[in-house]
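*Asks:* Generate coordinates for the sequence data below:
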Amino acid sequence: MPAPAASALDERQALLERTARAEASAWASWWRAELMRQGRPIAGGWPGTLSEARSRMARRIAADLGSDFAPTTHELDRAARAAYGAARRDWNESSEPDQAW
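*Replies:* Okay, here's the model as predicted:
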């Protein structure tokens, strides 16, 4: 019986990883749109925080995977870190560097 448990854990992890990637893309896009709306340049370092990533992932998991998919603290932390890192990479690939004064 260990094989099905391992398979279920792998499937669960894969769901969390896909959800984190989706949230990262949405989060980076949201920040770009927000700065454009404010008339500010899309420049400098990633404006998101890890705390924000945890909140966003908790909401995204509940919305996308349902209330029955209750992540453990470790799973939520891991997904938040994955989303934060992916969003930061997305941001860095599309933002302008800070202008030196």
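
*Asks:* so where's the protein shaky on pLDDT?
*Replies:* 1-4, 98-101 (pLDDT under 70).

*Asks:* now do 80
*Replies:* By pLDDT under 80, the weakly predicted segments of the chain are 1-6, 95-101.

*Asks:* Mind jotting down where the helices sit in it?
*Replies:* Here the chain has its helices, by DSSP state H, at 2-37, 50-65, 73-94.

*Asks:* could the ones you listed go into TSV alongside mean neighbour count and distance to residue 43?
*Replies:* For glycine as for every other residue, the C-beta is placed from the backbone atoms N, C-alpha and C. Formatted as TSV, the helices of the chain follow (neighbours: other Cβ atoms under 10 Å; distance: least, Cβ to Cβ, whole Å):
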stretch	mean neighbour count	distance to residue 43
helix 2-37	14	9
helix 50-65	16	19
helix 73-94	17	10
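
*Asks:* Same list as before, those that is, but in a markdown table and with distance to residue 44 included.
*Replies:* Listed next are the helices of the chain as a markdown table, based on distance: least, Cβ to Cβ, whole Å:
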| stretch | distance to residue 44 |
| --- | --- |
| helix 2-37 | 10 |
| helix 50-65 | 17 |
| helix 73-94 | 9 |
